[in-house]
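Engineer: with the sequence up front, the predicted model follows.
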Amino acid sequence: MDIKKPKEPEFMRELHEIREEMYEETKNLTPGERVDRTHREAEEFLANQGYRLVQSNKGYRMELVV
């Protein structure tokens with residue numbers, strides 16, 4: 001019996017490609033390097049949205065840049 005696999009939607013194929021690229025970029029990083037990279041990328045994203053990260057007593061919070 002031959003079971004046919006349904007065709008993967010285009011967006012899922014693109015998502016899998018993006019995840020594979022992200023894995024390849026980070027697979028050799030140490031846990032500390034991964035944390036640093038994630039933190040840097042979050043700061044860049046927030047800056048593009050008009051926010052910044054500010055340290056607080058519970059970690060970090062977002063602050064609107066005026």
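Structural biologist: Cool, got the structure.
Engineer: burial count for residue 53?
Structural biologist: For residue 53, the neighbour count with other CB atoms under 10 Å is 15. Yep, even glycine has a C-beta here, placed from its N, CA and C like the rest.
Engineer: centre-most residue in the protein?
Structural biologist: Residue closest to the mean C-alpha point of the chain, counted by CA atoms, centre = their mean, is residue 38 at 7.0 Å.
Engineer: elements contacting the helix or strand where it lies?
Structural biologist: Taking DSSP states H and E as the criterion, residue 38 maps to helix 31-48. In this structure, helix 31-48 packs against strand 51-56, with contacts taken as 3 or more CB pairs under 8 Å, 6 or more residues apart in numbering; DSSP states H and E.
Engineer: and the strand it packs on, what's buried?
Structural biologist: Within strand 51-56, no residue counts as buried by 16 or more other CB atoms under 10 Å.
Engineer: stretch 30-48 too?
Structural biologist: Buried residues in stretch 30-48 (16+ other CB under 10 Å): residue 46.
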